[in-house]
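What follows is a predicted structure for the sequence shown.
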Amino acid sequence: MKIHEYQAKKIFEKVGISIPKEGVATSPEQAMGVARDIGLPVVIKAQVHVGGRGKVGGVKLARTEEEVKEFASMILGMDIKGLTVRIILIGQAIDIERELYLGVITDRGSNRPVIMVSTEGGVDIEGVAKKTPEKIHRFTVDPAYGLLPHQAMNLAFSLSSEVKETRKIATTLQKLYQAYIVADASLAEINPFVLSRDGNFYAIDAKVVLDDNALFRHPDYEKMRDFTHTEKIEQEAKERGLSYISMDGNIGCVVNGAGLAMTTMDVIKHFGGEPANFLDVGGSSDPQKVRHALQFLLIDEGVKSIWFNIFGGITRCDDIALGLVSAVDELGIDLPLVVRLIGTNEKKGKKILAESGLDIHTVETMEEGAKTAIRLSEGRK
Ligand code: GDP
Ligand code: MN
């Protein structure tokens, strides 16, 4: 689970990493209040789950109250890589002398935490790793011992030759490692970790990714969850007993069973189409579930045709057909519907569809289903 910069900084603050004075706001007026408490100048930063906000105008320095108001209004509501900014952080502006990079990441190769440091802070670290990999220093931690002081010192010496500075960097590295451990994070990163002109170090940006498998140990972290639009829909689907994953294509699929869902997507791809989603209604044949499934498909404006691909085992085809007919009646769907019903009570199901008077394209085979759904999706705006 990704969390916001201001939330990550709270975790860092708890272990004693120094953070500039800061607060969050959801309106320009609130932002001005926070700025007044902190004192000008301040930086105003978009809180969205993407990096590189600085480059796209999501980080601005405000010197006056007017600028605080202006930049806060500008950044709130801004779209950054498809995410809308709803919260901004207002932080004490730091007069920067140098920017460093400090990070801890769970390394799948060694199955251990790896500390990474670089003198090239502030910019995107993936770029540094590609172009000048020699500028990133790594250390693999033995989790039984943690990051020991001399190991942290050693890393710090690759960033500075001033003993006074290296001591501070080394302690921060140990604190960062501690934050990573106590939070059960898979990533904890400070980019940049800055040295100010008056000789202090601050974490002016923070990124933490929490390990989903350990979230049960941190019930208090649940309130930090911030769903994107698609994640919200997927979560709602889950609450209704459906596995729904949204994708970029235009053929909506309603399927029972994960294996059949995968096959259905493969077959659509094989014949040149693009599935719009993965949707598994599961093993039961609750007509209510069919209705919910269709509702989720209709939220996605990219869907141009719908393919019901049902294998009747425990699921009864007549139940699916009943659910389908009532849902289409109720929701007023005007998208082309392709239906393949095979298995338990297949004949009954087909009869219900035929007698419904609805414009449904019934098909017998996977190939026919995919081709029909693709053909009907074409040319629809
Ligand atoms: P990111 O672009 O999403 O990684 O956001 P950051 O918080 O890392 O900010 C991007 C850049 O803005 C930093 O690398 C700094 O160069 C600059 N910046 C951020 N906060 C301050 C500040 O308090 N003072 C100054 N001078 N620059 C800052
Ligand atoms: Mn950054």
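On my side now, so go ahead. Ligands and ions are numbered 1, 2, ... in the order given.

and the stretch 51-200 of the chain, which of its residues are near ligand 2?
residue 191 (CB under 5 Å from the ion). Bear in mind the C-beta positions are built from the backbone N, C-alpha and C, glycine included.

one more time with 8 Å, if that's ok
Contacts of the stretch 51-200 of the chain with ligand 2, taken as CB under 8 Å from the ion, map to 51, 52, 53, 54, 122, 191, 192.

from these, which would you call buried?
51, 53, 54, 122, 191, 192 (16 or more other CB atoms under 10 Å).

near ligand 1 too, which of those residues?
51, 53, 54, 122, 191, 192 (CB under 6 Å from any ligand atom).

Identify the residue of the stretch 101-250 of the chain closest to ligand 2, quick one.
residue 205 (3.5 Å; CB to the ion).

Correct me if wrong: that residue contacts residue 6.
No - assessed by CB atoms under 8 Å, residue 205 is found out of contact with residue 6, at 10.7 Å.

Mind checking which of the two has more residues around it?
residue 205 (25 against 20; other CB atoms under 10 Å).

what sits against that one?
Shown in contact with residue 205 (CB atoms under 8 Å, 6 or more residues apart in numbering): 5, 190, 191, 192.

just the residues you listed now: which is nearest residue 46?
residue 5 (9.1 Å; CB to CB).

so how far is the helix or strand containing residue 369 from its chain's centroid?
Element membership of residue 369 [criterion: DSSP states H and E] is helix 366-377. Taking CA atoms, centre = their mean, to the nearest Å, the mean C-alpha location of helix 366-377 is offset from the chain mean by 32 Å.

repeat for stretch 289-308
The answer for stretch 289-308 is 23 Å, by CA atoms, centre = their mean.

tell me which element residue 35 falls in.
Using DSSP H and E, the element containing residue 35 is helix 28-38.

Can you give me the domain assignment for this protein?
21-92, 96-223, 229-377 (automatic domain parsing).

Now the two most distant members of the buried ones among the residues of the stretch 51-200 of the chain next to ligand 2.
Farthest apart among these - using CB to CB - are 53 and 192, which lie 13.0 Å from each other.

that older thread, now the buried ones among the residues of the stretch 51-200 of the chain next to ligand 2 in a markdown table, with secondary structure, pLDDT and distance to residue 153?
Formatted as a markdown table, those follow (DSSP: H, G, I helix; E, B strand; the rest coil; pLDDT from 0 to 100; distance: CB to CB, whole Å):
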| residue | secondary structure | pLDDT | distance to residue 153 |
| --- | --- | --- | --- |
| 51 | coil | 87 | 29 |
| 53 | coil | 94 | 33 |
| 54 | helix | 91 | 31 |
| 122 | coil | 91 | 24 |
| 191 | strand | 97 | 21 |
| 192 | strand | 97 | 21 |
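
closest to residue 308 among these?
Using CB to CB, these come closest to residue 308 at residue 51, 40.5 Å.

For the closest one, which residues are in contact?
Taking CB under 8 Å, 6+ apart, one finds 124, 207 in contact with residue 51.

From residue 102, how far off is it?
With distances taken as CB to CB, to the nearest Å, residue 51 is found 15 Å from residue 102.

now do residue 297
45 Å.

Comparing those two, which residue is more hemmed in?
residue 102 (27 against 22).

Check the more buried one and give its pLDDT.
We have a pLDDT of 98 for residue 102.

what kind of secondary structure is it in?
Here residue 102 is recorded as strand under DSSP: H, G, I helix; E, B strand; the rest coil.

That one pairs with what?
residue 117, residue 190 (DSSP bridges).

tell me the contacts of it?
If you count contacts by CB under 8 Å, 6+ apart, then residue 102 has 115, 116, 117, 121, 169, 172, 173, 176, 189, 190, 191, 193 around it.

ok, of those, which come out buried?
Buried among the contacts of residue 102 by 16+ other CB under 10 Å: 115, 116, 117, 121, 169, 172, 173, 176, 189, 190, 191, 193.

Against ligand 1, how distant is the last one?
Using CB to the nearest ligand atom, to the nearest Å, one gets 10 Å for the distance from residue 193 to ligand 1.

Who are the contact partners of that residue?
Residue 193 sits in contact with 99, 100, 101, 102, 121, 169, 172, 201, 202, 203, 204, where contact means CB under 8 Å, 6+ apart.

For the stretch 201-350 of the chain, which residue gets nearest to ligand 1?
residue 205 (3.4 Å; CB to the nearest ligand atom).

Make sure I have this right: that residue is in a helix.
No - according to three-state DSSP, the state of residue 205 is coil, so it is not within a helix.

Read off the pLDDT value for it.
97.

Next one: it from residue 340, what distance?
For residue 205, the distance to residue 340 - CB to CB - is 51 Å.
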